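[1] Sharing a sequence plus its predicted fold:
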Amino acid sequence: MQIENSTALVTGGNRGIGEAFVRALLAAGATKVYVGARNSNDAAHLAAEAPGRAVPLTLDVTKPDQIAAAAAACGDVSILINNAGAFHNQTLIGAADLTAARDEMEVNYFGPLTMARAFAPILARNGGGAIVNVLSSGGLVAVPAMGGYSPSKFAGRAATTCIRAELAGQGTQVSALIVGSVDTRMAAHVAGQKEPPSDIAKAGLNAIKRNIDELDTDRMAIEVRASQARDPKALERSMAKMLTATQITTGR
């Protein structure tokens, strides 16, 4: 699929990886990018950078009514980037209750699924288009220190495969991005080397152009997949050690 002259929607597009996607799509020639944010005012800086092309959109992916409103207003979308994510840094058993885990599942799994359901007919009408789900290396290997986040990304990865099969007949590409360590607010507690969000967006556009089903976007994601292939039990033990670590680091 070509990015030039397309119309995209990026959830969580006001900062981090989402913001990088907005800029990358515009630079690649997208005609318009809807910038989804829980508060559309948070996307004002992008609208100022690209008047008429970056369009702020009030969109909380945990609210079905806002998703339905977005689908009604954005009938020209041909690329959907499901980027919005939640990480509450709580463990599954140690957390006081399930509030964090439930929210992580709502944002990271049910959010992209509901978005895909809402926009699948729109993509079909616009020639098929593409969906990109921004996932995590925590969806390749269970990370106990990530509590509900890691399981939600496992679920998101499985859903991506199922959605790809369901939408193949209408010509919609569906890609999963496996993201490792990135320099965003979500990873502020992590020390060590972190990739710039722009690199993840660049990889995402590559996945769209080349119709790649699943793409490891950075060195950490590649290393996690390789470690899992070599010795999955050793990787499981190393992930468990993060529960008692005083500092989580990428090790680089």
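    Perfect, thanks for sending it.
[2] now the closest residue to residue 10 other than its chain neighbours, what's its secondary structure?
    Take residue 10 and drop its neighbours on the chain: the residue closest to it by C-beta to C-beta, 6 or more residues apart in numbering is residue 81, 4.3 Å away. Quick note: C-beta positions are derived from backbone N, CA and C, even for glycine. Reducing the assignment at residue 81 to three states with DSSP: H, G, I helix; E, B strand; the rest coil gives strand.
[3] burial count for residue 81?
    Number of residues near residue 81 (other C-beta atoms under 10 Å) recorded here: 33.
[4] got it, and residue 71?
    Neighbours of residue 71 (other C-beta under 10 Å): 19.
[5] begin at 420 from here
    With 420 as the first residue, the last one maps to residue 490.
[6] quick one, what contacts residue 655?
    Residue 655 makes contact with 560, 561, according to C-beta atoms under 8 Å, 6 or more residues apart in numbering.
[7] That should have said residue 542, apologies.
    Taking C-beta under 8 Å, 6+ apart as the test, what residue 542 contacts is 496, 497, 499, 548, 549, 550, 586, 589, 591.
[8] and with 10 Å instead?
    496-499, 535, 548-550, 586, 589-593 (C-beta atoms under 10 Å, 6 or more residues apart in numbering).
[9] Give the buried residues for the helix or strand hosting it.
    If you go by DSSP states H and E, residue 542 is part of helix 530-544. Neighbour-count burial for helix 530-544, counted by 16 or more other C-beta atoms under 10 Å, picks out 530, 531, 532, 533, 534, 535, 537, 538, 539, 541, 542.
[10] Let me have the residues you listed in JSON lines, extended by distance to residue 602 and pLDDT.
    Converted to JSON lines, the buried residues of helix 530-544 look like this (distance: C-beta to C-beta, whole Å; pLDDT from 0 to 100):
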{"residue": "530", "distance to residue 602": "23", "pLDDT": "98"}
{"residue": "531", "distance to residue 602": "23", "pLDDT": "98"}
{"residue": "532", "distance to residue 602": "28", "pLDDT": "98"}
{"residue": "533", "distance to residue 602": "29", "pLDDT": "98"}
{"residue": "534", "distance to residue 602": "25", "pLDDT": "98"}
{"residue": "535", "distance to residue 602": "28", "pLDDT": "98"}
{"residue": "537", "distance to residue 602": "31", "pLDDT": "98"}
{"residue": "538", "distance to residue 602": "29", "pLDDT": "98"}
{"residue": "539", "distance to residue 602": "33", "pLDDT": "98"}
{"residue": "541", "distance to residue 602": "33", "pLDDT": "98"}
{"residue": "542", "distance to residue 602": "31", "pLDDT": "98"}
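[11] Specify the local secondary structure of residue 427.
    Going by three-state DSSP: residue 427 is strand.
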